[in-house]
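Colleague: what follows is a predicted protein model with its sequence.
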Amino acid sequence: MTRFAKERRVIVWEEPVFGPPERTPRLDSNVCAESGVVVLTPVLPDGSPGEDHEAMIRGLLDTVLATVEGDIIRWYYTPMMLPFSRHIEAVCTVYDCMDELANFKFAPPELTLLERELMSIADVVFTGGYSLWEAKRDRHPNIHPFPSSVDRGHFAKARVLRGEPDDQAGLPWPRLGFYGVVDERMDLALLAALADARPDWSLVILGPVVKINPDDLPKRANIHYLGGKDYEELPRYLAGWDVALMPFAINESTRFISPTKTPEYLAGGRPVVSTPIVDVARHYGDLEAVKIAATAEEFVAACDQALALSRVRGDWLKAVDNALAALSWDETFGRMNLEIARAIAKRDPAAAVDRGATILPSPVIRPSSHKKPFDYLIVGAGFAGSVLAERLTSQLGKRVMLVDRRMHIGGNAYDEKDAAGVLMHRYGPHIFHTNSDEVAAYLSQFTRWRPYEHRVLGCLRGGLHVPIPINRTTLNTLYGLDLQSDEAAEAYLKSRAEPVEKIRTSEDVVVSAVGRELYETFFQGYTRKQWGMDPSELDKSVTARVPTRTNTDDRYFTDKFQNMPAEGYTRMFENMLDQAGVTVEVGVDFEDVRDEADYDRLIFTGPIDEYFDFRYGKLPYRSLAFRHETLDQEWFQPVGTVNYPDEAVPYTRISEYKHMTGQSARKTTVTYEYPQAEGDPYYPVPRPENQALYKRYEALALETQGVQFVGRLATYRYYNMDQVVGQALATFRRIAEREGRAVIAAQAAGRAVAAD
Ligand code: FAD
Ligand code: UDP
């Protein structure tokens, strides 16, 4: 704000406070001497009726606005300010979205609706970090991530300051500290576990306790709650710590945070130990100074390592300083200012020049091809949408508009090179396998292949690694057996299996094949994590995906065609969509073009319930959060995926892409998968009642003229990639037949090539 105040007059409008009951509403005003920023706080009469507050605040705001000359830019940090300010005429409306506020404790119910309104009127949206941007980017066409920057000079004082604040001076060493608001985002159990594990460490907690009951805070002789401190005082406290902590709970309220304290702690020269907050791992996880630890045990061990690091001011600190050198508030200001200038110019180019607003590079406006007549509008550029776009154009000469609300093609199979140049999958590991000659031949027109057979190990409690699916090696290793033949293994499993009269659920499938103990070891915990429910509540088809073997075959799949696209999935999609008749637009939601575009028929590959505005209620989809990490080592684990069936481990599996892609690189990239209820829909949840609900939507779909539903989300089927391709090819055949056109079968045979 200070930087903006150099160019414009800045008024900050605060939340109301309450004053004497008998007085009329008034404004408290504070002016920052350095920047000229004016901070106005509405003071409302205490005891006045709640329903009058909005009108009172609007009245106060209008009196201020009457004194303002020139154009107004509205800048919202929260949609809750919209009700009394939506009438303001502004040249630009900025929504600076700092967090997923709706996930916060006591979030007002109207927040979601107001945010939707704000999204619809904002000219430009900024998000406080990449995770938040990822979550919101489909909601606005002009949205930009701004991870926290840092006032390096201010916090660097912690490296040299001597003389401690009184309330910290007497605490024993070593000291591990946290500053920030203490609320539902903090993992209190973790804090207690840390204090208990290391009673000789002092844990220093600075910050106000908000929204949670102070009585719920863990009380220990070595945890010291010193209360809230001013920004100015923080470096002096930080100076007295060995290690800085971020013991955040991993839950809805922390999913999108991008804590400013990470770079602050680092600028202060302190190693940091954090739980796996996505943006912390993403931006700082590569630094030796930042340890990410998920469980209490890992957290303690990481603190040990961080303490060891804090004793030597070595290369780790140089690496920190290099990383921080790229961050500056000036840079953030420059980029935000530019986006605002562009947004003003987009609305009213002449006015922007007249006003001499910041130098204007030509605004980036996507050329709109929506107006052209198309035969088909296809929504979703994953396998379902892309196969159909390719077929309809190349075989039937149709004109197709293909849109996706994400900023890329490929749907969930999208892959890209990360900052370290490692080819990785943004939405978790995708391994291609099929028994369908037709599907393999079809895709082979657009890619060469690299042979790859996926192998998975289960990491059991205690660290033992055994093959999954369960095979003879698994049994021999787990139980110290020496089963030498299929027959011996079969007899062994039979002796453990529990007969189940009618196999209905995912529990029945496994228990009837291998018995309860192996079921609990490999399936129960994993499934509970993955699906948020017990296997006994899930259809049998879910765990039936994973077979049981009596031989020593340790491949995850046994399909006859097991290959990865040699140059990645995205390249394959690019080749597929390189057709004269296809127009692709990414970052475009169906809603944006639904009425605007000119098309005869629609193919929809998004969630079917969303298409029908959730008319019969929401279809449950399970989601995931991905934590991608690039490690400064050549390999991380012996196989492509290691599963963690133990329910106490928060993630289900870790996958390492270089095994799959065959890429050789000095660094390696891995992905942790954390299942969750909210977020992008990834998995339909196979249960009879969900299927029944889907059937109602399907019936609606059949009645709806001119629209077809294809793909995993649109037909609510737990399909693999090859099955979606097969489904799309079948859909295409039906379309061609309807038009009386013969279909030429894809000719090219699958050709596997050796890795480069
Ligand atoms: P998607 O890939 O989901 O594509 C749908 C697209 O539609 C999305 O890009 C979405 O942004 C877009 N969209 C939705 N609604 C709208 C809208 N209103 N406006 C604009 N765009 C919209 N399969 C395998 O065969 N092997 C594997 O190893 C494998 N691993 C997987 C791992 C994970 C973690 C997940 C989640 C899935 C995995 N799959 C795997 C399954 C595979 O991802 C799917 O079968 C396949 O991607 C489905 O393709 P689709 O086109 O139906 O849907
Ligand atoms: N599963 C399990 N333990 C494992 C692997 C799988 O319990 O080690 C169960 C779990 O319910 C999982 C299902 O089997 O969701 C299907 O596994 P698959 O690997 O096919 O899942 P996907 O790759 O689709 O996530």
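Modeller: Looks like it came in fine. Ligands and ions are numbered 1, 2, ... in the order given.
Colleague: could you identify the helix or strand that succeeds the lowest-mean-pLDDT helix or strand in the chain?
Modeller: For the chain, scoring each helix and strand by mean pLDDT, DSSP states H and E identifies helix 349-354 as the least confident one, at a mean of 44. Per DSSP states H and E, helix 349-354 leads on to strand 373-379 as the next helix or strand towards the C-terminus.
Colleague: just the pLDDT for the nearest residue to I470 once chain neighbours are set aside.
Modeller: Setting aside the residues directly before and after it, I470 is nearest to T548 in space (C-beta to C-beta, 6 or more residues apart in numbering), at 5.1 Å. C-beta here means a position set from N, CA and C on the backbone, and glycine is covered the same way. T548 is assigned 97 on the pLDDT scale.
Colleague: next, the closest residue to G532 other than its chain neighbours: phi, psi?
Modeller: The shortest distance from G532 to any residue other than its chain neighbours is 5.9 Å, reached at A677 (C-beta to C-beta, 6+ apart). Main-chain dihedrals, A677, degrees, to the nearest 10: phi -80, psi -40.
Colleague: A677 reaches Y621, doesn't it?
Modeller: No - contact criterion C-beta atoms under 8 Å: A677 and Y621 do not qualify, at 9.3 Å.
Colleague: ok, the two, which is more surrounded?
Modeller: For A677 versus Y621, the count of surrounding residues by other C-beta atoms under 10 Å is larger for Y621: 21 against 10.
Colleague: just give the nearest non-adjacent residue to the more buried one, would you?
Modeller: If you skip the residues right next to it in sequence, Y621 has P681 as its closest partner in space, 3.3 Å away by C-beta to C-beta, 6+ apart.
Colleague: quick one: residues contacting the one you found.
Modeller: With contacts defined as C-beta atoms under 8 Å, 6 or more residues apart in numbering, P681 is in contact with 607, 621-623, 713.
Colleague: one more pass at 10 Å, please.
Modeller: 606-607, 609-610, 618-623, 712-713, 716 (C-beta atoms under 10 Å, 6 or more residues apart in numbering).
Colleague: show me the contacts for the residue nearest to G532.
Modeller: Taking C-beta under 10 Å, 6+ apart as the definition, contacts of A677 comprise 252, 532, 620-623.
Colleague: from those residues, list the buried ones, please.
Modeller: 252, 620-622 (16 or more other C-beta atoms under 10 Å).
Colleague: residue ranges with poor pLDDT in the stretch 251-400 of the chain?
Modeller: For the stretch 251-400 of the chain, the stretches flagged by pLDDT under 70 are 326, 348-372.
Colleague: hey, where'd the helices end up in it?
Modeller: Assigned by DSSP state H, counting those that start in this stretch, the helices in the stretch 251-400 of the chain fall at 261-267, 278-284, 296-310, 315-325, 329-347, 349-354, 383-396.
Colleague: re earlier: so which of the contacts of A677 comes closest to R696?
Modeller: When those are ranked by distance to R696 (C-beta to C-beta), P620 comes first, at 14.1 Å.
Colleague: coming back round to it: between the contacts of P681, which is closest to A580?
Modeller: When the contacts of P681 are compared for distance to A580 (C-beta to C-beta), G606 comes out closest, at 25.9 Å.
Colleague: can I assume the closest one is in contact with R594?
Modeller: No - no contact is recorded between G606 and R594 when judged using C-beta atoms under 10 Å, the distance being 11.9 Å.
Colleague: so what sits against both of those two?
Modeller: Counting by C-beta under 10 Å, 6+ apart, the residues touching both G606 and R594 are V379.
Colleague: looking at the two, which one has more neighbours?
Modeller: A count of neighbours by other C-beta under 10 Å puts G606 above the other of G606 and R594, at 22 against 12.
Colleague: closest point of the stretch 601-750 of the chain to ligand 2, which residue?
Modeller: Shortest the stretch 601-750 of the chain-to-ligand 2 distance, computed as C-beta to the nearest ligand atom: residue-wise this is N643, at 3.9 Å.
Colleague: per-residue pLDDT, that residue?
Modeller: 98.
Colleague: and it, what does it touch?
Modeller: 456-460, 465, 468, 522, 526, 530, 546, 556, 649, 651-655, 673.
Colleague: repeat that for 6 Å
Modeller: The contact partners of N643, by C-beta atoms under 6 Å, 6 or more residues apart in numbering, come to 456, 458, 468, 653.
Colleague: next one: D646
Modeller: Taking C-beta under 6 Å, 6+ apart as the contact definition, D646 lies against 461, 525.
Colleague: ok, now with 10 Å
Modeller: When contacts are counted by C-beta under 10 Å, 6+ apart, D646 is found next to 458-462, 521, 525-526, 529.
Colleague: those residues in strands, which ones?
Modeller: Using DSSP state E, 458-459 are the members of the contacts of D646 that sit in strands.
Colleague: tell me which two in the contacts of D646 are the farthest apart.
Modeller: Using C-beta to C-beta, the contacts of D646 span at most 18.4 Å, a distance reached by G462 and K529.
Colleague: of those two, who's got more company?
Modeller: Under the neighbour definition other C-beta under 10 Å, G462 and K529 were set side by side, and K529 has more, 22 against 6.
Colleague: OK, contacts around the more buried one?
Modeller: 644-653, 673-676.
Colleague: same thing but at 6 Å, please
Modeller: With contacts defined as C-beta under 6 Å, 6+ apart, K529 is in contact with 652, 675.
Colleague: and the average pLDDT for stretch 407-426 is what?
Modeller: Averaging the model's pLDDT scores along stretch 407-426 yields 92.
Colleague: and the helix or strand encompassing V724, what does it pack against?
Modeller: Here V724 is covered by helix 721-738, with elements defined by DSSP H and E. Under the contact criterion of 3 or more C-beta pairs under 6 Å, 6 or more residues apart in numbering; DSSP states H and E, helix 721-738 touches helix 383-396, helix 437-443.
Colleague: could you check whether the longest one is close to ligand 1?
Modeller: Yes - legend: contact between helix 383-396 and ligand 1 by C-beta under 6 Å from any ligand atom is shown at 383-385.
Colleague: kindly write the PyMOL command that selects the buried subset of the residues you listed.
Modeller: Command for PyMOL, covering only those of the residues of helix 383-396 next to ligand 1 found buried under the criterion 16+ other C-beta under 10 Å:
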select buried, resi 383+384+385
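Colleague: so what does the lengthiest strand in the chain touch, helix or strand wise?
Modeller: If each strand of the chain is counted by residues according to DSSP E, the longest one is strand 621-631. In this structure, strand 621-631 makes packing contacts with helix 278-284, strand 668-676, judged by 3+ C-beta pairs under 6 Å, 6+ apart.
Colleague: got the buried residues for it?
Modeller: Within strand 621-631, the residues that count as buried by 16+ other C-beta under 10 Å are 621-622, 624-631.
Colleague: also within reach of ligand 1: list those from those residues.
Modeller: On the criterion C-beta under 6 Å from any ligand atom, L624 are the entries of the buried residues of strand 621-631 that sit beside ligand 1.
Colleague: now tabulate the buried residues of strand 621-631 in CSV and tack on pLDDT and distance to D167.
Modeller: Below are those laid out as CSV (pLDDT from 0 to 100; distance: C-beta to C-beta, whole Å):
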residue, pLDDT, distance to D167
Y621, 95, 49
R622, 96, 47
L624, 94, 43
A625, 92, 38
F626, 93, 41
R627, 92, 36
H628, 93, 40
E629, 93, 37
T630, 94, 40
L631, 95, 40
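Colleague: so what's L44 up against?
Modeller: By C-beta under 6 Å, 6+ apart, L44 lies in contact with 16, 18, 25, 53, 56.
Colleague: re earlier: for P638, find the nearest of the helices and strands packed on strand 621-631.
Modeller: Using C-beta to C-beta as the criterion, the shortest distance between P638 and the helices and strands packed on strand 621-631 is 12.2 Å, found for strand 668-676.
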